[in-house]
Structure formats: structure tokens, C-alpha cells
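Chemist: pasting the sequence and the predicted model now:
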Amino acid sequence: MRPALFFKFVSISFQKQVAYKFDCIVGVINGFLYVFIFTSLWKALYAQPDTSTHNGFTLNTIITYAVMVMAVRISFSMDDSVIHKKVYDGSIATELIRPTSFFFMHLAESVGYSLFHIMARTVPIIVISMLLFDVSIPLEPLRMLIFFFSAFAGYILLFMLNFAMGLLAFWFVEIFPFMLFKYALFTFFSGGIVPPDFFPDFLKQVVYFLPFQYMLYVPTTILIGKAPLADIPAILAAQLIWVFIMGVICIITWNYGKKKLIIQGG
């Protein structure tokens, strides 16, 4: 897909989201409530004796993590029901005959969706949280640059996971149970609620063999300074390996899904 066409799809998707102003306000309130609840829980936990540092997190670090992981998660907002809806109503057939890549068109629409949520929800939540909580982010240019690269890779990884899950609609009439299971795994293992550092040892081993930590946990720990710079090359390499693996899964699923759709329609 040509860059100009890609950004055109981004712009159209962004403009669609602007129409839902009330939803945006509710989203900001909802996101801030999550931040308030989690920061309150961590403050209560660290108020106990002998918990000045726990699993490498001080109170300031865990508060910063709670705020920023929520900010990253909101920034990664995307509609993961699009493919299922297109297959269900038959409009996916139109997408197959278009001279553009469905994958990149869907990615462009997701980017536009996410950009709106970054501007309308993420930025306000970060500003309010910095005013109310003790949020401390090391302003190191190299670390910030690495964070944006890692966040981009994490976004692509999450998008491809949603893309592959959406393609299950080629085989199943209802994919809600699969989406619910994916959401549960993502929420738990990505560090969206509790950093994997707090998991039992056997669960940590599970996390290491799954891609979810590279979506939220890794970019956030890089941003807040929890991940040492010396470890970042290995972390980014593992992240890119997972991007490649998910890319292969998307290609295989898409190719076989198209054949399945043709059989059903024939």
C-alpha cells in the first residue's frame, strides 16, 4: 500500500472517532478511575511494614508503572471486532477484490483509531495523574527513543494478535468466546494490572514463553527506567522475534481463511 493511501485511511478513521465526543469523555473518566483504583491499592500494599521495596519496585516506581501502563494500554486502543463484523455481514468479499492490502488498510484504520484515543484520552489522563500522583519518569533522550520504538513494536504485535483472532470468523460463526479468552490472557500476562515481577516463579516462566509481556510491560518498564539500558538490546530482539512470528501466523491464517471463505460462498 502506498504511504499516501495509508495515511488517507488513518485520517478517515481518526475523523470517524471525532464524532463520538461523549464516548471520549466517558473513556477519560473510566481510564482515570482505573488509575485511581490501582494506585490506591498499591499505596495500601506499600503502607504495610517491610514493603518499602518489593520485587524491585519502590512505591514511587509502582505508582509510575500503574499510571503509565494504563496510558500505554489506552494508546493501544483498537476495534478488534471489525473483521468479525465484515465476515458476518459479507462485506469482507468487497475487501478481497480491492487493489489494496486488507492487512495494511486495517492497520491504517487501527492507527487512526488509536491516534484519536491518544489525543483525547491518554494525554488528559497522564496530565491529571502527574498533578495528583507521584509520577516520576527519567527524561533520558536515548531511553525515550527506545521506548517509542518498543511501543511501536508492541502496538504492531497487539494489532497482529487481534488480526489473527479476528480471522477465526472464517471458521466459526461466533468468535466471542475466543476474543474473551484472548482479552483475559492479554490483561493478565501483559502486565496491564500487575507487573509480571510479582507473579509466582512458575507463572513467570509461562510469561517468558508468551508474547503478551512485549505489548505493555516491556515498553512501560523501558519508559519508567525499570529496564536497565544494558538489557534493552536483548529485550528488543525478543520483541522483534515475536513480531516476526505473529506476522507469519497472520499470513498463514489470512491465506487459509480466504480459501475457507470461498468454499463457504461457493
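Modeler: Ah, there it is.

Chemist: contacts and neighbour counts: CA atoms only from here.
Modeler: Fine.

Chemist: what's the mean pLDDT across the helix or strand hosting A153?
Modeler: Using DSSP states H and E, A153 falls within helix 141-166. Averaging pLDDT along helix 141-166 gives 95.

Chemist: what helices or strands is it leaning on?
Modeler: helix 82-89, helix 217-224, helix 232-265 (3 or more C-alpha pairs under 8 Å, 6 or more residues apart in numbering; DSSP states H and E).

Chemist: one more pass at 7 Å, please.
Modeler: With contacts taken as 3 or more C-alpha pairs under 7 Å, 6 or more residues apart in numbering; DSSP states H and E, helix 141-166 sits against helix 217-224, helix 232-265.

Chemist: same question for the last one, mean pLDDT?
Modeler: Helix 232-265 shows an average pLDDT of 86 in the prediction.

Chemist: quick one on the thing from earlier: out of the helices and strands packed on helix 141-166, nearest to A120?
Modeler: helix 217-224 (20.1 Å; C-alpha to C-alpha).

Chemist: roughly how far is that closest one from the heart of the chain?
Modeler: Distance, stretch centre to chain centre, for helix 217-224: 13 Å (C-alpha atoms, centre = their mean, to the nearest Å).

Chemist: equivalent analysis for stretch 228-238, please.
Modeler: Worked out by C-alpha atoms, centre = their mean, stretch 228-238 lies 20 Å from the chain centre.

Chemist: most centrally placed residue in the chain?
Modeler: Central residue of the chain (C-alpha atoms, centre = their mean): F76, 4.2 Å from the mean position.

Chemist: now do the contacts for that residue.
Modeler: Taking C-alpha atoms under 7 Å, 6 or more residues apart in numbering as the criterion, F76 is in contact with 114, 155.
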